[in-house]
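Peer 1: Fold the following and give me the result.
(chains A and B)
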There are 2 protein chains.
Amino acid sequence: MGYETVLEQLHTIDREYRYLEKAAAVLQWDEETYLPAQGVAERAEQRALLQGVAHDRLTGAETGRLLEQLGSTPQNLRGDEKLPRIEGDFLKVMRRNYDRAVRLPADFVAGAARAEGLSQAAWVEARRHNDFAAFLPHLITMIDFARRRVEYWGFGEGGSAGSVYDGLLDIYEPGMTAQDIRTVFEPLRDRLVSLLKKIARGPEPDVSFLKGPYDSDEQARFNHELMDLLGFDLSRGRLDISAHPFTTSLGSDDIRITTRYFKDNLLSSIFSVIHESGHAFYEMGFPPTIRGTCLAEGASMSVHESQSRFWENVIGRGRPFWEGVFPMLQTHFPEYLGRIDTDSFYRAVNQVKPSLIRVDADEVSYSLHIILRFELEQRLFSGELKAEDLPSAWRSLMQEFLGLEPENDAQGVLQDVHWSMGSFGYFPSYALGNLYGLQLWQKIREDLGDVETALARKNFKALHTWLRERVYCWGCRLDPAELLMNITGKKLSVTPFLEYIEAKYTKLYGLTTSGVSS
Amino acid sequence: MGYETVLEQLHTIDREYRYLEKAAAVLQWDEETYLPAQGVAERAEQRALLQGVAHDRLTGAETGRLLEQLGSTPQNLRGDEKLPRIEGDFLKVMRRNYDRAVRLPADFVAGAARAEGLSQAAWVEARRHNDFAAFLPHLITMIDFARRRVEYWGFGEGGSAGSVYDGLLDIYEPGMTAQDIRTVFEPLRDRLVSLLKKIARGPEPDVSFLKGPYDSDEQARFNHELMDLLGFDLSRGRLDISAHPFTTSLGSDDIRITTRYFKDNLLSSIFSVIHESGHAFYEMGFPPTIRGTCLAEGASMSVHESQSRFWENVIGRGRPFWEGVFPMLQTHFPEYLGRIDTDSFYRAVNQVKPSLIRVDADEVSYSLHIILRFELEQRLFSGELKAEDLPSAWRSLMQEFLGLEPENDAQGVLQDVHWSMGSFGYFPSYALGNLYGLQLWQKIREDLGDVETALARKNFKALHTWLRERVYCWGCRLDPAELLMNITGKKLSVTPFLEYIEAKYTKLYGLTTSGVSS
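Peer 2: Got it, this is the predicted structure:
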């Protein structure tokens, strides 16, 4: 059998595995958007079975045999040197996925999927009723599944790969350890806390006009108009409503985002729509050469978050952006915004005010929300902290980092969906994404020159082209560090982000190095 | 191995098969409600793969072996006499499903599912652009798949089971042949055509106030209120929008219906919601003893349609119903309905006016739409009629039965979803459902006495209880003829329906046997 035939067989397995995974993703999307309340338990069973079937498809003995026939081994992922480079990349990713999946017993995978379904439903209810105790048993189960998952891969006690938490981080950011992240997060935390203190002494912008009440249907109409303007192809995706905003790919041409609406908070849905659109652009931008294959994934979760947070903050909270978009927004809400000028709106959008909810946090305090979760996750998986003590540990760190205390757990430990899904180790990606994003922005400005004028004219074309040609085109062919080196010639650094944020907010709040300017 | 263990294994196969089928149904529901336009092709692939996996689960060699161990054979479906009756029923249905499924090659099943997905998408577009030619190749493919399907089961030339069209009818109404249906449809057609002629000489009711324009969102709000009133448990189901109204069960506690909105036709969405709710009540009403098993299905498509058309017409177009519900509707649309009295509305709801669109047809002409389709399907599968000649044959029969000619194919041969899904042989169920429904209604009135007073008080409780205890509780444990005999002690008859409809419309239109009364 020629290598083309062997490759073709491997591609068929990959494609069918992905179809089944996407089918499971449709069930999950539906669960979070439209599923009737009483349908939850049976849906969890359906999804668990489907994920078991998908797992079986990937981990059949044939996959291992085909990989070996092409020279791909745990030591030499990319296989035979003579293969085309893109096929070597394909083998690298297939081998990694296969090795990971084959070590997880089918009943573990099905059990985890089932427990996740129930846990997420319980979280929605627990958050609604501010009842951490009702969620606690599910949380403990999720922690246990997460630990067992990475133990199957050789992490944790008795394994050689690293700690349990290193194993969890590795899912989202291949090769990065808790120690690596501490190294970056420590200066980040110190400089941000210091910047926050300076800002607290500056003048507060007027944000009273953001309270509305803003009609949800009208917000939705603006969001659709905005998505269209930003380049979100609505024939290849959708916007719906869920408890927590997310992006999901249900097919190469079916990328969906969600948001939620608050009548007294105009910005919440707008910025989550821009954020999720950033994720969606990445997923929509994979080239035909890798579509529908295992290469059509983000390089890592941080790189994915670099895209969403870049659009949300660097673009979406920028002065040029609102120069173009604010008049559009005004036509939707003339009663509240008709008399507001762009500058006032820009200042309101960038109000720095430490708050309890991560997804509504300003750019400066945001990373501190992440560092808090990173800290708690480390303690949870080192055994230093018990799940039942999370609410109090949360409150104490929130006090330490942001000087705030949540009134209830719905505004504290229950606010995020991630832990209910067992996605421990995911949070650091958001803050790492900020760092990647600013390194890319530095390069974009070098390459494209005056981007701001185009943005102010609501022209996002050059930006999309750059991102498509430099970032999206690779899918996960390059690991994150390789990708960053390929694009910028540099390693991960905290400097561009800190320079950007200190410059932006020094100007916005009229700060000097010693405090408020005259 | 004791019989309990063998049964348990068979139940596991049934349950997993159904989970996979339900997962495919979620993908299909999504396809018809929310799927982005460009996602259609890949979705068809996903669904085809999933249905292939489901098919494999049901038709594995183990199923046949377990059935035989329990004594169930093609000659003795119910297996060992000593089994509990409900398990005998379970074996009967499993054996039938297995025998049918095992004769279909996996690649046929996957191919049919894929072709259906594409065909339905093509139909949506073709109907929108009134372009029969664009749909024709898909229609030909669907006819071919339908023919091949029943040929695998022994129908058609060279088979011993009956004609191809008999095979298609048998899918929806076990044991009923084209000849059986002609026997019932002939008197039905003659008496209805005669009644229509009389009505045409009667006074036309005022229907001008139904033209609105009626806001779609407000229609949707009324429909939700109505569903709740009728007893549709919205924690176990949903209402969404699709090109063609339908009901689908995505789980035991997840029964979804759809409708569509026309601003200039208030009744369209209301009556499709009542119709689909009738289907949903059946699906929601299966008892815990059969939930999640192959017995949790309607006895046949006609019995299913007997439920939907019973709610839509006998209840929903009745005077007592609007006595209670019209004031509710008025509060949603005071500008158009505030000055209309219940009697005028009741007459408008029952306007008899032959029209082009089946789903909007009145009770009297409705069955003639069905007989038209039945006629065309017979000719298509006997080879007498070519698919490309359907539009002209449609026009000519429409002229003959209803004295109307469609201006375009969107209002003619393209109006229904069924053929695009390959569901040939389904249509007769609607008219047969009318007959079953009226036989049940006769019995309900014998058993419950004055039902009308409760209906006028918006109390549907006794009706639901009767239907649950006499119809829903059986699922498909009894075949349709057995079910009807069990409930009414009688065989299928056209008489109750004809008596009901002649009495109702004689009164409404002030007719006498010789024409209009003085």
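
Peer 1: my hunch is that A:Gln415 is in a helix, does that hold up?
Peer 2: No: applying DSSP: H, G, I helix; E, B strand; the rest coil, one finds A:Gln415 to be coil, outside a helix.

Peer 1: That one and chain B: what is the separation?
Peer 2: With the distance defined as Cβ to the nearest Cβ, to the nearest Å, A:Gln415 ends up 25 Å from chain B. C-beta coordinates here come from the backbone N, C-alpha and C atoms, glycine included.

Peer 1: how close does A:Gly383 sit to B:Gly162?
Peer 2: When distances are taken as Cβ to Cβ, to the nearest Å, A:Gly383 and B:Gly162 turn out to be 70 Å apart.

Peer 1: and if you look at A:Asn76?
Peer 2: When A:Asn76 is compared with B:Gly162 (using Cβ to Cβ), they lie 62 Å apart.

Peer 1: next one: phi and psi at the nearest residue to A:Arg47 once chain neighbours are set aside?
Peer 2: On the basis of Cβ to Cβ, 6 or more residues apart in numbering or on different chains, the spatially nearest residue to A:Arg47 that is not a chain neighbour turns out to be A:Leu27, at 4.8 Å. Backbone torsions for A:Leu27, taken as degrees, to the nearest 10, come to phi -60, psi -40.

Peer 1: Count the residues that sit near A:Leu27.
Peer 2: For A:Leu27, the tally of surrounding residues (other Cβ atoms under 10 Å in any protein chain shown) stands at 25.

Peer 1: Repeat that for A:Ser160.
Peer 2: The number of residues packed near A:Ser160 is 6, by other Cβ under 10 Å.

Peer 1: repeat for A:Ser194
Peer 2: Using other Cβ under 10 Å as the criterion, the residues surrounding A:Ser194 number 11.

Peer 1: hmm, back to that, look at A:Asn76 and B:Gly162 and report which has more neighbours.
Peer 2: Looking at A:Asn76 and B:Gly162 with other Cβ under 10 Å, you find the greater number of neighbours at B:Gly162, namely 18 against 13.

Peer 1: Give me the secondary structure label for that one.
Peer 2: coil.

Peer 1: any idea of the pLDDT on it?
Peer 2: pLDDT recorded at B:Gly162 is 88.

Peer 1: what do you get for A:Val184?
Peer 2: In this prediction, A:Val184 carries a pLDDT score of 92.

Peer 1: my guess is it contacts A:Thr495, does it?
Peer 2: No: distance between A:Val184 and A:Thr495: 10.8 Å, which falls outside the contact criterion (Cβ atoms under 8 Å).

Peer 1: Looking at those two, which is more packed in?
Peer 2: Using other Cβ under 10 Å, the more surrounded residue of A:Val184 and A:Thr495 is A:Val184, with 18 against 13.

Peer 1: count of residues packed around the closest residue to chain B within the stretch 201-350 of chain A?
Peer 2: Here the residue of the stretch 201-350 of chain A nearest chain B is A:Asp254; by Cβ to the nearest Cβ that distance is 3.3 Å. Counted with other Cβ under 10 Å, the neighbours of A:Asp254 add up to 28.

Peer 1: now A:Asp131
Peer 2: Here the neighbour count serves as a burial measure; for A:Asp131 (other Cβ under 10 Å) it reads 16.

Peer 1: contacting residues for it?
Peer 2: Shown here is A:Asp131, whose contacts under the criterion Cβ atoms under 8 Å, 6 or more residues apart in numbering or on different chains are A:Glu125, A:Asp409.

Peer 1: Quickly note the distance from it to A:Pro137.
Peer 2: Look at A:Asp131 and A:Pro137: by Cβ to Cβ, they are 12 Å apart.

Peer 1: again, but for A:Asp360
Peer 2: Applying Cβ to Cβ, the value for A:Asp360 to A:Pro137 is 29 Å.

Peer 1: Between the two, point out the one with more neighbours.
Peer 2: A direct count of neighbours by other Cβ under 10 Å for A:Asp360 and A:Pro137 places A:Asp360 higher, at 17 against 13.

Peer 1: show me the contacts for the closest residue to that one other than its chain neighbours.
Peer 2: Here the nearest residue to A:Asp360 in space, its sequence neighbours aside, is A:Ser268; by Cβ to Cβ, 6+ apart that works out to 5.7 Å. Contacts of A:Ser268 were listed using Cβ under 8 Å, 6+ apart, and they are A:Thr259, A:Arg260, A:Tyr261, A:Phe262, A:Val359, A:Asp360.

Peer 1: need the contact list for the closest residue to the fifth one other than its chain neighbours.
Peer 2: Read that as A:Val359. Residue nearest to A:Val359 in three dimensions, not counting chain neighbours: A:Ser272, with 6.4 Å by Cβ to Cβ, 6+ apart. Taking Cβ under 8 Å, 6+ apart as the definition of contact, the neighbours of A:Ser272 are A:Pro245, A:Thr259, A:Arg260, A:Val359.

Peer 1: Filter these down to just the buried residues.
Peer 2: Neighbour counting by 16 or more other Cβ atoms under 10 Å in any protein chain shown classes A:Pro245, A:Thr259, A:Val359 among the contacts of A:Ser272 as buried.

Peer 1: so the first one makes contact with A:Ile270?
Peer 2: No: under the criterion of Cβ under 8 Å, A:Pro245 makes no contact with A:Ile270, lying 11.2 Å away.

Peer 1: Columns distance to B:Thr342, pLDDT and secondary structure on top of the buried ones among the contacts of A:Ser272, output as CSV?
Peer 2: Written out in CSV, the entries for these read as follows (distance: Cβ to Cβ, whole Å; pLDDT from 0 to 100; DSSP: H, G, I helix; E, B strand; the rest coil):
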residue, distance to B:Thr342, pLDDT, secondary structure
A:Pro245, 47, 92, coil
A:Thr259, 44, 96, strand
A:Val359, 51, 82, helix
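
Peer 1: Point me to the helix or strand that includes the residue nearest to A:Val359.
Peer 2: helix A:266-284 (DSSP states H and E).

Peer 1: send the alpha carbons of that helix over as CSV?
Peer 2: Once side chains and other backbone atoms are set aside, the C-alpha atoms of helix A:266-284 remain, and they are given as CSV (Å, rounded to 0.1, in the frame of the first residue of the first chain):
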residue,chain,number,x,y,z
LEU,A,266,-25.0,48.2,27.7
LEU,A,267,-21.4,47.2,27.4
SER,A,268,-21.6,43.6,28.7
SER,A,269,-23.2,42.1,25.5
ILE,A,270,-21.3,44.4,23.1
PHE,A,271,-17.9,43.4,24.4
SER,A,272,-18.7,39.7,24.8
VAL,A,273,-19.9,39.8,21.2
ILE,A,274,-16.6,41.4,20.1
HIS,A,275,-14.6,38.9,22.2
GLU,A,276,-16.4,35.8,20.9
SER,A,277,-16.2,37.2,17.3
GLY,A,278,-12.4,37.3,17.7
HIS,A,279,-12.5,33.6,18.5
ALA,A,280,-14.9,33.0,15.6
PHE,A,281,-12.6,34.9,13.1
TYR,A,282,-9.8,32.5,13.9
GLU,A,283,-12.1,29.4,13.4
MET,A,284,-13.6,30.9,10.2
